[in-house]
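Q: Fold the stuff below for me.
(2 chains)
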Amino acid sequence: MNLTALISQNTASRARYGLVLFALAIVLAPWLVGHAGGNAWVRTLDFALLYIMLALGLNIVVGYAGLLDLGFIAFYAVGAYLAALLSSPHLLSQFPALAAALPGGMHTPLWVILPLAGLLAAGFGIVLGAPTLRLRGDYLAIVTLGFGEIIRIFMRNLDRPINITNGPKGISSVDPVQLFGFSLARTHEIFGLRVTSVYFYYYLFALLVVLILFACIRLEHSRIGRAWVAIREDEDAAQAMGLDTRRLKLLAFAIGAAFGGISGALFASFQGFVSPESFSLNESIAVLAMVVLGGMGHIPGVILGCVLLAALPEVLRASMGSLQQTLFGQVLIDPEIIRQLFYGLALILAMLYRPAGLWPARRGGAQ
Amino acid sequence: MSTPLLHIQQVNKHFGGVAALTDVSLSIEPGQIYGLIGPNGAGKTTFFNVMTGLYSADSGSFVLDGQAYKPTSVHKVAQVGIARTFQNIRLFNAMSVLENVMVGRHIRTRNGLWAALSRHRRAREEEAQTRQIALELLEYVGIAAFADYRADSLSYGHQRRLEIARALATEPRLLALDEPAAGMNATEKLQLRGLLEKIRNDGRTLLLIEHDVKLVMGVCDRISVLDYGQVIAQGTPEEVRRHPAVIQAYLGASAHV
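A: Sure, this is the predicted structure:
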C-alpha cells in the first residue's frame, strides 16, 4: 500500500510539472518558431492548433468509444460553412430581403458563432450516428466515410437552385475575428512590440485548445468516459452491465463533432475563405493519422501526433529543395513529391515500430 | 414457500426448424443458488441468452421479483436487476481492475455530462462513493490488492472474481453465472465454490449454469436439468441425482447406478 501511495504521489507531482512545462511551451512556442522562421511558421503552428482541436474531438469518438470514423472532417466543414455564412456578405447578396433587414451587413460575432457551430455540428453528429450505430467496426467506418463525402458534395452543389454555399467557388471575405473591437487580423503594437495577426490567432486558438483539453480530460475521468472505454473494450459486456450503448455512442459522436465544428468555425474566420476542397477525404485521414500516430485515447499522444503531422509536411516542403541544392547542386525531384514520399514513409515506420502510437497510454500495473 | 424471485414459464425458442427450448419453466427462490445443468447442446446457454435479452424468445413469461419483464434488450435486463458473467471471461481489458467494477456502478449512478465537466460537489461525492463501493467489492471477492492493475494482467481465477465483482456492482437481484468454473483447476474451483456460498449467505440469489456436475451438486440448493431443450428433472441435488431421466441423459439408457 505504501508503495502505491508513493507512486501515485510521484505521478501527481510529475503531472504538475508536465502541466507547467506544457503551459510554458504553449505561451512561448510562437515566439521561438517565429524568431527562427518567420510568420509563415507561426501560421503553421496556428493550423497545428486547429488540428489539435479536431483530433481531440476525433479522439473521443475513435480513442475513447472505439468507433472508427473516416468522415470526421464533415463536422469541420459544417462549422466552417456556418461561420462563413454568418459572417460574410454571401447570404445578403443572395437574399435581398435579408439584406434589407440587416443594413449593417452580416457580421455575427465569434462568441455567437462558436457555440452555434458546436451545436450544429453536434446535431449533425447525432444525425449521422442515429442510423449507423448498429454497425460495428469496418461497416461503421465505410458509412462514416460516405457521410464525409456526402457533406463535401453537398457543399459543392448547393449553389443551385438556391445559392447557399456558392458551390465549388466557395465563400470568400469571411470576417476575421474581432474581439471587443480588437481585430485579430491586423498588426498591433503592444508595449512597443509589433505583433502580427498570426500571433493573435495563435493565442485565440490556444485558449480554445486549452478549453477543449480541459473538457476532454474531465470527460475521460468520469462516469461517462469510463462507459465509453468500456464500450470500446467490449460492447457486449458493457451492455450486460446495463449501459445504454446506443445513447452513449451518440453522445460521443455529438461531443466529438462539436469540437470539430468549433475548430471549423475558427478555420473559416482565420482563412477568410471556405471551399469544398478543404474538406476532402484526405483531411479526414490526416486527422485520423494524427490520432493513431500519437496514441489513440491518450491525450498527450494525440497532441504530439498533431504537432508532428502538421509540421512535418511544412518542414519537408521547406527543406527538401535546399537540401537537394546542396547535395547535388540542383533540384532533381520536386520538393512537393519528396514531401509526400517522406510523409508516407514516416507513417509506415511509425506503424511498424510503434503500432500503439508514439506516446501510447501507460499500461497500468505490471505482470 | 415464499414468492419466487425469478419465475419463468413456458419459454419456447426455435432456430429455424430446430426447437432449442421447449416449454422451459423454472422458478428460483430468493437466497438460493439455483443450478441449471445438462449435457452439451441441451440448451443451457440458449436459455441463458433468452433470459438475459440477447436472444428473443418465441413465447414465454418472465417475472422478476413479482414484476413481469420483457427480455428485449441486454441493457434493459441488467437495469431490471439480472447481472451476468460470461463463459469466456469478458472484462474491459485495458481498464484497471477498479475501473471495471466502477463501470458496473453505471446504472446505479447518475453523473452526466455536466457533472463530468463541472465536477460540482454532488458529482464529486457520487464519484467518491462509486470508487468506495468498487473497492469494497474488490475486497469482498478478495482481489483488492490488484485494484490498480490492468484487468487482463490478472490470473484466470482472479479475472473470474473480478467479473463477479463487476456484476455485483450493479446491485443485481439475481446474479447469473455462465459456466464460472470453465477452465479452472481444482483449487480455483474450490475457491470459487467458497465465494459463491459467501455471496448466497449474504442473502443474494444466484443462477448457475454449469458443466461441472460435481460443483453444481455441491453448491446448489436446487437444480434443473435440461436435455434437448426440455426440462427433464427439477429438485434438490439428491433428487436430481437419482432421477432416472437424468441418469439416462448423462449415462445412456442402459446405465445403472
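Q: does residue B:74 really touch residue A:235, like I thought?
A: No. When contacts are counted by CB atoms under 8 Å, residue B:74 is not listed as touching residue A:235 (9.9 Å). Using the backbone N, CA and C atoms, a C-beta is placed for each residue, glycine as well.
Q: higher neighbour count, the two?
A: Just comparing residue B:74 and residue A:235: by other CB atoms under 10 Å in any protein chain shown the higher neighbour count belongs to residue B:74, 24 against 18.
Q: So which residues on the stretch 101-250 of chain B come close to chain A?
A: B:102-107, B:109, B:111-113, B:115-117, B:119, B:126-127, B:130, B:146, B:148-150, B:153, B:166-167, B:170 (CB under 8 Å from any CB of the partner chain).
Q: From those residues, keep the buried residues only.
A: Buried members of these, counted by 16 or more other CB atoms under 10 Å in any protein chain shown: B:102-107, B:109, B:111, B:113, B:115-116, B:126-127, B:130, B:146, B:149-150, B:153, B:166-167, B:170.
Q: Just the ones of the residues you listed in helices?
A: Counting by DSSP state H, these place B:102, B:103, B:104, B:113, B:115, B:116, B:126, B:127, B:130, B:166, B:167 in helices.
Q: Surely the first one touches residue B:165?
A: If I follow you right, that is residue B:102. No. Contact status for residue B:102 versus residue B:165: not in contact, 10.6 Å apart, counting by CB under 8 Å.
Q: what do these two both touch?
A: residue B:134 (CB atoms under 8 Å, 6 or more residues apart in numbering or on different chains).
Q: ok, stretch A:49-59 near chain B or not?
A: No. Remark: stretch A:49-59 sits outside contact range of chain B, by CB under 8 Å from any CB, the gap being at least 14.3 Å.
Q: chain center to that stretch: distance?
A: 3 Å (CA atoms, centre = their mean, to the nearest Å).
Q: Low-confidence regions, chain A specifically.
A: Along chain A, segments meeting pLDDT under 70 span A:1-10, A:362-367.
Q: residues from it in reach of chain B?
A: A:4, A:215, A:218-219, A:222-227, A:229-230, A:232-234, A:236-245, A:251, A:255, A:361, A:363-367.
Q: can you do 6 Å?
A: Residues of chain A lying close to chain B by CB under 6 Å from any CB of the partner chain are A:215, A:218-219, A:222-224, A:226-227, A:229-230, A:233-234, A:237, A:239-244, A:363-365.
Q: which of those residues count as buried?
A: Buried members of the residues of chain A next to chain B, counted by 16+ other CB under 10 Å: A:215, A:218-219, A:222-224, A:226-227, A:229-230, A:233-234, A:237, A:239-244, A:364-365.
Q: Grab the most central residue of the chain for me.
A: By default, I'm working from chain A. The residue lying closest to the centre of chain A (CA atoms, centre = their mean) is residue A:54, at 1.7 Å.
Q: nope, chain B
A: residue B:176 (1.4 Å).
Q: so where do the helices sit in the chain?
A: Chain wasn't specified; assuming chain A. Going by DSSP H, chain A shows helices at A:2-37, A:39-58, A:73-86, A:90-94, A:96-101, A:110-132, A:137-157, A:197-220, A:223-233, A:235-240, A:245-271, A:281-294, A:299-328, A:335-353.
Q: The intended chain is chain B.
A: According to DSSP H, the helices that chain B contains are B:44-51, B:74-80, B:97-104, B:113-118, B:121-141, B:156-168, B:186-201, B:213-219, B:237-242, B:244-251.
Q: name the helices or strands packed onto the second one?
A: Going back to what we said before, that points to helix B:74-80. Applying 3 or more CB pairs under 6 Å, 6 or more residues apart in numbering or on different chains; DSSP states H and E, one finds that helix B:74-80 contacts helix A:235-240.
Q: Does the helix it packs on pack against any helices or strands, and if so which?
A: Partner elements for helix A:235-240 (3+ CB pairs under 6 Å, 6+ apart): helix A:245-271, helix B:74-80.
Q: Including distance to residue A:354, could these go into a markdown table?
A: Formatted as a markdown table, the helices and strands packed on helix A:235-240 follow (distance: least, CB to CB, whole Å):
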| stretch | distance to residue A:354 |
| --- | --- |
| helix A:245-271 | 24 |
| helix B:74-80 | 36 |
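Q: from these, which stretch is densest packed?
A: Most buried of these, by mean neighbour count (mean count of other CB atoms under 10 Å in any protein chain shown): helix A:245-271, with a mean of 26.
Q: quick check: angle from it to helix A:39-58?
A: Helix A:245-271 and helix A:39-58 meet at an angle of 170 degrees, taking axes from the mean of the first three to the mean of the last three CA atoms, to 10 degrees as the criterion.
Q: by contact count, what packs against helix A:245-271?
A: helix A:39-58, helix A:73-86, helix A:110-132, helix A:223-233, helix A:235-240.
Q: now with 7 Å?
A: helix A:39-58, helix A:73-86, helix A:110-132, helix A:197-220, helix A:223-233, helix A:235-240 (3 or more CB pairs under 7 Å, 6 or more residues apart in numbering or on different chains; DSSP states H and E).
Q: which of these sits most buried?
A: Among the helices and strands packed on helix A:245-271, helix A:73-86 has the highest mean neighbour count (mean count of other CB under 10 Å), at a mean of 29.
Q: which residues does whichever residue of the stretch 51-200 of chain A sits closest to chain B contact?
A: Going by CB to the nearest CB, chain B is nearest to residue A:66 of the stretch 51-200 of chain A, at 10.1 Å. For residue A:66, the contact set (CB atoms under 7 Å, 6 or more residues apart in numbering or on different chains) comprises A:231, A:232.
Q: Can you pull the phi/psi pair for it?
A: phi 70, psi 30 (degrees, to the nearest 10).
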